[in-house]
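Student: What would the 3D arrangement of this be:
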Amino acid sequence: MQLRPVRPLALLAAAAVLALGLPVLAQPAIGQPAVSGAETAPSGDAAAPVVRQPWWSAFEDTRLDALMVPLQSPAAGDPAAVLQAQADTVRAYALLRVAGVRLHNARQRQQVAEQRQLALQTAEEASATTRRAAARGLREARQQVERLQAEQLARVAEVATRLRSRHPAEILGPLLRGASEDTQVLLPRFHLMDELPGVVLRRRPDVARVEASLAPVGRGLGADALDLARYLQAMSLPIRASEQPPRMLRLAWPGVGSVMEQARQEVAFHLWQLGAATVATREQHAHVARLAQLWQHLRDQQQAGRVGELQVLDAMDEALQAEDQLAASAGELVRAWVALQLSVGGAGRTELESLLEQDAPAR
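Tutor: Below you'll find the predicted structure:
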């Protein structure tokens, strides 16, 4: 996934801060997921071994890395339970970041509503209906700020509850405070893939248990060896997001085929879900860019005396609404990424991409 940067409203608003009486707006609440050439596996005569990194390293967030340290120990417990705890923590942290961005935008919208109220006091052509609508908008903006303040506190409490027993307060407090004050949401950096090789399933705890039960079979002959060959053939089939995964070849071992088929279906669904969330976030990002350009145009027109202050304020409010929706969309993208990681056993960005051949489909 890769998003082109939107020119921040902060830069566009700098010249208008004094005229409008507003603080500089925050940057758009989104990063730029991508994978640089330096992150790809080096080429050579021999394939370089994959350096396994924690799957959440795709977010490239130092605070998150620090929070997750206690959940990296091999002795932390059952691998499936540890992976679930990691996923729950990343989700909670990401939602905290989203709540902080939305609260920041809500405060900016409240200031726009207050400025609109002041502008209407001196606008002779403003009707009583327009003034009542502006007063109602200001009340709603203040109520939204209050709701998001409560949500942010709840998100902080959720992360703190999960990690209080793992981190001393002097470490946990500053990390959560910094996350709450961040004005950009958390986004993973990755290539969006249309399919994954079936071998990625081997990282799943349920599939690993199946393979462990099949290990003695590999030393036998006859029908068991044939079933093992079928199992390996089924493992080699790619998992596609665009269609239902192919049904497993019938295996004689009870339960093996059902475990593999369910695993493939989960990965296919989450791969599709991640694609849908990525497209939605890209589209919202483009919408924010268009509204930022419109706001800049109207501000220039205002300085030339062609449009009024109220029209510029309305455009700014619309842009802030779009940024709020972008933050929510990015939060859904994080949820989808975490869900995919759960379905592939926490393979991580680098390891997933290393499994793809050079001509593997990506978008």
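
Student: next helix or strand past the host helix or strand of residue 117?
Tutor: According to DSSP states H and E, residue 117 maps onto helix 79-121. Using DSSP H and E, the helix or strand that directly follows helix 79-121 along the chain is helix 128-163.

Student: and the angle for that next one with helix 79-121?
Tutor: Between the axes of helix 128-163 and helix 79-121, defined by axes from the mean of the first three to the mean of the last three CA atoms, to 10 degrees, the angle is 160 degrees.

Student: how near is residue 152 to residue 123?
Tutor: Using CB to CB, to the nearest Å, residue 152 is found at 35 Å from residue 123. (Each C-beta comes from the backbone N, C-alpha and C, glycine too.)

Student: which of the two has more neighbours?
Tutor: residue 152 (20 against 15; other CB atoms under 10 Å).

Student: Surely the more buried one and residue 96 touch.
Tutor: Yes: Residue 152 lies in contact with residue 96 (CB atoms under 8 Å); the separation is 7.2 Å.

Student: what's the overlap in contacts for the two?
Tutor: Here residue 152 and residue 96 have residue 180 as joint contacts, going by CB atoms under 8 Å, 6 or more residues apart in numbering.

Student: For this structure, which residues score under the pLDDT cut-off?
Tutor: Along the chain, segments meeting pLDDT under 70 span 1-51, 73-76, 214-227, 242-255, 355-363.

Student: the helices in it, which residues?
Tutor: Counting by DSSP state H, the chain has these helices, from start to end: 9-13, 17-20, 62-68, 79-121, 128-163, 169-181, 205-214, 223-236, 256-303, 309-343, 349-354.

Student: between those, which one is nearest to residue 187?
Tutor: Residue 187 lies closest to helix 309-343 among those, at 5.7 Å (CB to CB).

Student: which parts of the closest one are buried?
Tutor: 309-310, 312-313, 315-317, 319-320, 322-327, 329-343 (16 or more other CB atoms under 10 Å).

Student: Could you check how far it is from the centre of its chain?
Tutor: 11 Å (CA atoms, centre = their mean, to the nearest Å).

Student: and the angle from it to helix 128-163?
Tutor: 30 degrees.

Student: relative orientation of helix 309-343 and helix 256-303 in degrees?
Tutor: 160 degrees.

Student: So which other helices or strands are in contact with helix 309-343?
Tutor: helix 9-13, helix 17-20, helix 79-121, helix 256-303 (3 or more CB pairs under 8 Å, 6 or more residues apart in numbering; DSSP states H and E).

Student: what about residue 171, how many residues close to it?
Tutor: 14.

Student: Kindly report the same for the one 10 residues further on.
Tutor: A count of nearby residues for residue 181, using other CB under 10 Å, gives 10.

Student: From residue 91, how far off is it?
Tutor: Distance of residue 181 to residue 91, computed by CB to CB: 20 Å.

Student: ditto for residue 308
Tutor: 45 Å.

Student: If you count surrounding residues, which of these two has more?
Tutor: Each of residue 308 and residue 91 has its neighbours counted (other CB under 10 Å); residue 91 has more, 18 against 15.

Student: got the contact list for that one?
Tutor: 334, 335, 338.

Student: which one among the residues you listed gets closest to residue 117?
Tutor: Nearest member of the contacts of residue 91 to residue 117, counting by CB to CB, is residue 334, at 36.1 Å.

Student: Can you verify my assumption that that closest one contacts residue 96?
Tutor: No: using CB under 8 Å as the test, residue 334 is too far from residue 96 to be in contact (11.1 Å).

Student: distance of residue 275 from residue 192?
Tutor: Relative to residue 192, and taking CB to CB, residue 275 is found at 6 Å.
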